[in-house]
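*Asks:* What follows is a predicted protein model with its sequence.
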Amino acid sequence: MSAHSNHEPVGVALIGAGMIAESHIRALSAIGHARLEVVVSRRPSKAGHLAEFYSGPAPEFTSDLSKVTENPKIQVVIVATPPSVRIDLISALAKAGKHVLLEKPIARTVAEAETVVEICEQAGVTLGILFQHRMRAPSIAAAGYVAGGRLGALGHVDIAVPLWRDQSYYDELGRGTYARDGGGVLITQAIHTLDLALSLTGPVTSVQAMTATSPLHQMEAEDFAVAGLRFACGAVGSLVANTATYPHGLEVITLHFEHGSLRLDKERLDLDWRDGGRESDDFEAVQPIHKFVWHQGVIEDFLNSIQNGTAPMVTGREALSVHQLIEAIEVSSREARQVKIPAQ
């Protein structure tokens, strides 16, 4: 039973009516202790169709942020805007005492992300980051194996993000630019897999990397990145991420431990023990129309954290680690040198 069963529904607003908005609205529709009050969009007349994905009373669609900041029924705001408009927006929300659940990335740069985190901390509001890959069944199972300790010390990490995006994806105004998105495949796509990997391995301490834009895309930022990684636990590893792999491949994390190796993707977890034993878990595939269940898990966790006064699954400050890793990869490539990442 939900921790909210004895509470009134939490009033929620959604800011941003782009391609991810449907997942948020479907998720909120499935959560009995949340009530979607307002959707803020630059063009509310074009966002109204999203109401069909919500089972409760239709929310108000508006371009007026004060309909959120001045509404006492709204406690939580989900922000799903491009990262270029985050600081001013979150300043207004924090000043109004609204708790913020933020779509990745926090912001375009580490400096901007730190500013967002500090704004919320100083205002005393909770900031959570929506890294829904942590809510996948194989991810939860992998975390259990790692925490159990039977695998022993971690020695080697492989992170693969072989994705495809057609040129039409990057033809949208601002997409794949530093001014709007803060970068390319690293901060927009691979950030999910990197966050999940860090939750299992612990922090990276240094990187040696190369990024590039392949001939397959016309865009400002990178669609390809490769990096060698050193971890605080003593392990070494590699990352290969791109949006130039056709057909679209699976994002895979492979962790090689002292006593066995663990491989996970979005639907499967394989564990090969050094003594020859093998454990495999196939999880029911989540159909595209039902992918909102991962968002639902993160939103429910965030609502519970607000009601219970606990930290959400991924706090803003915790999420700075993946931003620091991405920025270190970019600096390493640009300056052709190893980059060390300071400990948090």
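*Replies:* Structure's in. What do you need?
*Asks:* so where's the chain uncertain?
*Replies:* Counting by pLDDT under 70, the ranges of the chain that qualify are 1-7, 285-290.
*Asks:* Tell me where it has helices.
*Replies:* 21-30, 44-47, 66-69, 86-95, 110-123, 137-148, 167-171, 185, 191-201, 292-308, 316-335 (DSSP state H).
*Asks:* Which secondary structure elements does the fourth one sit against?
*Replies:* Spelled out, it's helix 86-95. helix 66-69, strand 74-79, strand 99-103, helix 110-123 (3 or more CB pairs under 8 Å, 6 or more residues apart in numbering; DSSP states H and E). To be clear about C-beta, it is placed using only N, CA and C from the backbone, and glycine gets the same treatment.
*Asks:* What of the third one?
*Replies:* If contacts are counted by 3+ CB pairs under 8 Å, 6+ apart, helix 66-69 sits against strand 34-40, helix 86-95.
*Asks:* Looking at these, which one is packed in the most?
*Replies:* Highest mean neighbour count among the helices and strands packed on helix 66-69 (mean count of other CB atoms under 10 Å): strand 34-40, with a mean of 24.
*Asks:* Report the separation between the most centrally placed residue in the chain and residue 196.
*Replies:* With distances taken as CA atoms, centre = their mean, the residue of the chain nearest its centroid is residue 131 (2.9 Å). Per CB to CB, to the nearest Å, residue 131 is found 7 Å from residue 196.
*Asks:* Residue 69 now?
*Replies:* Using CB to CB, residue 69 is found at 33 Å from residue 196.
*Asks:* And the strands in the stretch 201-344 of the chain?
*Replies:* 204-212, 224-231, 236-242, 252-257, 260-264, 268-273, 278-282, 339-340 (DSSP state E, counting those that start in this stretch).
*Asks:* Those strands into CSV, with extra columns for distance to residue 90?
*Replies:* Listed next are the strands of the stretch 201-344 of the chain as CSV, based on distance: least, CB to CB, whole Å:
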stretch, distance to residue 90
strand 204-212, 27
strand 224-231, 28
strand 236-242, 27
strand 252-257, 30
strand 260-264, 32
strand 268-273, 36
strand 278-282, 39
strand 339-340, 28
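*Asks:* count of residues packed around residue 252?
*Replies:* Residue 252 has 16 neighbouring residues, counting by other CB atoms under 10 Å.
*Asks:* do residue 262 as well
*Replies:* Residue 262: 22 neighbours (other CB under 10 Å).
*Asks:* So it sits against residue 148, correct?
*Replies:* No - with contact defined as CB atoms under 8 Å, residue 262 does not count as touching residue 148 (11.1 Å).
*Asks:* out of the strands of the stretch 201-344 of the chain, nearest to residue 14?
*Replies:* strand 236-242 (28.6 Å; CB to CB).
*Asks:* can you tell me which residues contact residue 305?
*Replies:* For residue 305, the contacting residues are 126, 128, 311-313, by CB atoms under 8 Å, 6 or more residues apart in numbering.
*Asks:* can we see that at 7 Å?
*Replies:* Neighbouring residues of residue 305 by CB atoms under 7 Å, 6 or more residues apart in numbering: 126, 311-312.
*Asks:* ditto for residue 240
*Replies:* Applying CB under 7 Å, 6+ apart, the residues near residue 240 are 160, 226.
*Asks:* Buried ones only from the contacts of residue 305, please, as a PyMOL command.
*Replies:* Typed into PyMOL, the next command selects the buried ones out of those (criterion: 16 or more other CB atoms under 10 Å):
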select buried, resi 126+312
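*Asks:* Run a quick neighbour tally on the nearest residue to residue 124 once chain neighbours are set aside.
*Replies:* Counting by CB to CB, 6 or more residues apart in numbering, the nearest residue to residue 124 once its immediate chain neighbours are dropped is residue 97, at 7.9 Å. By other CB under 10 Å, 13 other residues sit near residue 97.
*Asks:* ok, now residue 72?
*Replies:* Neighbours of residue 72 (other CB under 10 Å): 8.
*Asks:* closest to residue 111 out of the helices and strands packed on helix 66-69?
*Replies:* Comparing these under CB to CB, the one sitting nearest is helix 86-95, at 10.4 Å.
*Asks:* Quick one: residues in contact with that closest one.
*Replies:* By CB under 7 Å, 6+ apart, helix 86-95 touches 15, 65, 69, 77, 79, 81, 100, 107, 112, 115-116, 119-120, 123, 125.
*Asks:* how does it look with 10 Å?
*Replies:* Contacts to helix 86-95, defined as CB atoms under 10 Å, 6 or more residues apart in numbering, come from residues 13, 15-16, 40, 65-66, 68-69, 74, 76-77, 79, 81, 98-100, 102-103, 105-108, 112-113, 115-125, 127, 182, 316.
*Asks:* hang on, isn't residue 107 packed against residue 323?
*Replies:* Yes - look at residue 107 against residue 323 with CB atoms under 10 Å: they come within range, at 7.9 Å.
*Asks:* shared neighbours, the two?
*Replies:* Shared contacts of residue 107 and residue 323 (CB under 10 Å, 6+ apart): 113-114, 117, 182, 187.
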